[in-house]
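> I'll drop the sequence and a predicted model, then ask my questions.
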Amino acid sequence: MYESLAEFLQDTSSQAPLLWAILVMAVVAGTALVLYNFWQLVLRWVKSVLAGGRARAGGRG
């Protein structure tokens with residue numbers, strides 16, 4: 001399986017370098033967007049948990 005994947009990747013990168021470069025850039029950009037949104041959700045959740053804990057404890061929020 002890995003041999004066929006390696007062969008496909010080598011053939012694609014040698015036959016169509018522009019398409020290959022665009023594909024790599026799209027994968028990097030997509031990964032960056034997914035990670036950005038993931039951490040935005042995590043940090044908002046942590047902030048809401050911490051703010052909720054302060055409000056229940058009678059502190060200033």
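Sure thing, it's come through. Numbering: from 1, shown residues only.

> Going by C-alpha atoms from here, please, whenever you check contacts or count neighbours.
Will do.

> how far away is L43 from A26?
26 Å (Cα to Cα, to the nearest Å).

> L33 too?
Distance, L33 to A26, using Cα to Cα: 11 Å.

> Could you check the pLDDT of R54?
With respect to pLDDT, R54 scores 69.

> what about Q40, which SS state?
helix (DSSP: H, G, I helix; E, B strand; the rest coil).

> any idea how far it is from A51?
Taking Cα to Cα, one finds Q40 at 16 Å from A51.

> In terms of neighbours, single out the busier of the two.
More crowded of Q40 and A51, by other Cα atoms under 10 Å: A51, with 15 against 12.

> Please identify the helix or strand for that one.
helix 17-56 (DSSP states H and E).

> next one: that helix to chain centre, how far?
6 Å (Cα atoms, centre = their mean, to the nearest Å).
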